[in-house]
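Q: sequence and predicted structure are below.
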Amino acid sequence: MPRLAPVTRATALSIFMGLPRCWGEVAPRLCASARRLGRLRRRKASLRGARGSPRVAKAMDLLSQMATFVRGVESGSLSAAAREQRISLAAVSRQISALEQDLGATLLLRSSRRLSVTDAGRRWYERAVGILREVDDARASVREGAEVHGALVMSASVTMASTLLVPRLPTLLRRHPRLLIDLRIEDRLIDLVSDGVDLAIRGGAPPPDSTTLVAQPLFRFRRLVMASPAYLRERGIPRDPSDLVRHDCLVVAPGSSVPLRWVLVRGAEERAVEVRGPLRTTTPLLLRDLARGGAGIAMLPSWLVAADCESGLLRRVLPEWESPPTALWAMYSTRLRGSPRIRAFLDGLDTLEEP
């Protein structure tokens, strides 16, 4: 082997003299690297502390898998879920496989062209969406001054939406610019969980007691018997509830030829009258418009006809009689109790009251 030349004093001195200039270039980089290394070590130590418990570690893994699964279902492909999360497709597949193995059920049917959700996958998706929203709401609720953000899926009838909600939504959205309201218009009864709805606005009798449902009354109201002046001039004015059987009554009910009963009260007295008419529907808003046009007599919510009474488009029939009082309800899952989005929305309805 060739022998190395000995380092002379002159060589050592020249190296030493060159150090200051070299060190001035390298030192900042070394310091920055040391700071990054320190941050990484602290982060790893924090994660080790948080994940020290096997139960906590499993819960954190499950939340991650749950979020990946939900993104896959909503985007329609695992590739899209991988792009959204900025991880590899292989990592997404591993998370879904681990989730299916943990649950003991197949959630997704994967092929080269499409992604299909199994029945078990649909059930898991419905629960997973609610759990992830809860986690997001819990984080938001403890952040002082945190801005309300995210989607609020709502259900309301066309009558309630157009009359009570829509006039108040612009103010609410200006107050919370990062809030997204997904308003679904439907007159049918729904299941909040299976239909993926956060909050439903419904009128009527109080819902049955439930350990899974919060029913918050917004305000109480009555239904009034109404008709247009033109109809009353042509057909006469009823003087007693029994007179209604000789009139065309417009009713809120699903299609059926069975007579419908109107229940009316006057003080402590209660009367039930079977009414018939040429038209029935599930939408009070349409009945109001038909009554305005003189098609018949309708029993309508007081909040829906207040302006028509003032303008004279409709007249109250049997003014001493009205329906038993009922209420407008905001209904949501107990899992969403304390949700900033629901709280913000209900705060926006605090001016609701019976006209």
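A: Noted; the coordinates are in hand. Computed from a prediction, not measured in an experiment: that's the story for all the values here.

Q: pull the contacting residues for the residue positioned nearest the centre of the chain.
A: Note on the chain: the residue nearest the mean C-alpha position is Val153, at 2.6 Å, using CA atoms, centre = their mean. Applying CB atoms under 8 Å, 6 or more residues apart in numbering to Val153 gives the contacts 182, 184, 196-199. For every residue, glycine as well, the C-beta is placed using N, CA and C.

Q: selecting buried members of those residues in PyMOL, what would you type?
A: The PyMOL selection below is limited to those of the contacts of Val153 classed as buried (16 or more other CB atoms under 10 Å):
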select buried, resi 196+197+198+199
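
Q: what's the lowest-pLDDT member of the contacts of Val153?
A: On pLDDT alone, Gly196 ranks lowest of these, at 81.

Q: so that one: helix, strand or coil?
A: Following DSSP: H, G, I helix; E, B strand; the rest coil, Gly196 is assigned to coil.

Q: again, but for Tyr125
A: Classified using three-state DSSP, Tyr125 is helix.

Q: re the thing from before, of the contacts of Val153, closest to Leu290?
A: Nearest to Leu290 out of the contacts of Val153 is Arg184 (CB to CB; 25.0 Å).

Q: part of a strand, is that closest one?
A: Yes - counting by three-state DSSP, Arg184 is part of a strand.

Q: these two touch, right, it and Asp198?
A: No - counting by CB atoms under 8 Å, Arg184 does not reach Asp198; the two are 10.5 Å apart.

Q: which one of the contacts of Val153 sits closest to Gly293?
A: Among the contacts of Val153, and counting by CB to CB, the member closest to Gly293 is Arg184, at 28.9 Å.

Q: not counting its neighbours along the chain, what's nearest that closest one?
A: Ser155 (4.9 Å; CB to CB, 6 or more residues apart in numbering).

Q: separation between the one you found and Glu270?
A: To Glu270, Ser155 is 32 Å away according to CB to CB, to the nearest Å.

Q: quick one: which of the two has more around it?
A: Using other CB atoms under 10 Å as the criterion, Ser155 and Glu270 rank with Ser155 on top: 25 against 12.

Q: how about that one, secondary structure?
A: Strictly by three-state DSSP, Ser155 counts as strand.

Q: circling back: okay, and the common contacts of Arg184 and Asp198?
A: 153-154.

Q: quick one, strands of the stretch 101-250 of the chain?
A: 108-110, 115-117, 150-156, 179-185, 199-204, 213-221, 223-227, 249-252 (DSSP state E, counting those that start in this stretch).

Q: average pLDDT for the last one?
A: Across strand 249-252, pLDDT averages out at 90.

Q: check which residues of stretch 330-343 are buried.
A: Buried residues in stretch 330-343 (16+ other CB under 10 Å): 330-333, 335-336, 339-342.

Q: give the rounded mean pLDDT of it.
A: On average, stretch 330-343 scores 83.

Q: cool, stretch 122-142 as well?
A: Rounded mean pLDDT across stretch 122-142 is 76.

Q: what's the answer for stretch 162-174, then?
A: On average, stretch 162-174 scores 89.

Q: packing partners for the strand or helix carrying Tyr332?
A: Using DSSP states H and E, Tyr332 sits within strand 326-333. Counting contacts by 3 or more CB pairs under 8 Å, 6 or more residues apart in numbering; DSSP states H and E, strand 326-333 is packed against strand 199-204, strand 213-221.

Q: please identify the most buried of the ones you listed.
A: strand 199-204 (a mean of 19; mean count of other CB atoms under 10 Å).

Q: what's near enough to touch the nearest residue in space to Ser93 that is not next to it in sequence?
A: Counting by CB to CB, 6+ apart, Ser93 lies nearest to Leu78, which is 6.3 Å off, once chain neighbours are set aside. By CB under 8 Å, 6+ apart, the contact set of Leu78 is 72, 89, 92-93, 96, 110, 115.

Q: picking that back up, identify the farthest-apart pair in the contacts of Val153.
A: The distance between the two most remote of those (CB to CB) is 11.6 Å, for Gly196 and Leu199.

Q: can I have the buried ones of the contacts of Leu78 as a ChimeraX selection?
A: Command for ChimeraX, covering only those of those found buried under the criterion 16+ other CB under 10 Å:
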select :72,92,93,96,115
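
Q: let me know the closest of the contacts of Leu78 to Arg168.
A: Gly72 (36.3 Å).

Q: skipping adjacent residues, who's closest to that closest one in space?
A: Ala81 (4.1 Å).

Q: ditto for Trp321
A: Using CB to CB, 6+ apart, the nearest residue to Trp321 is Leu264, at 4.2 Å.
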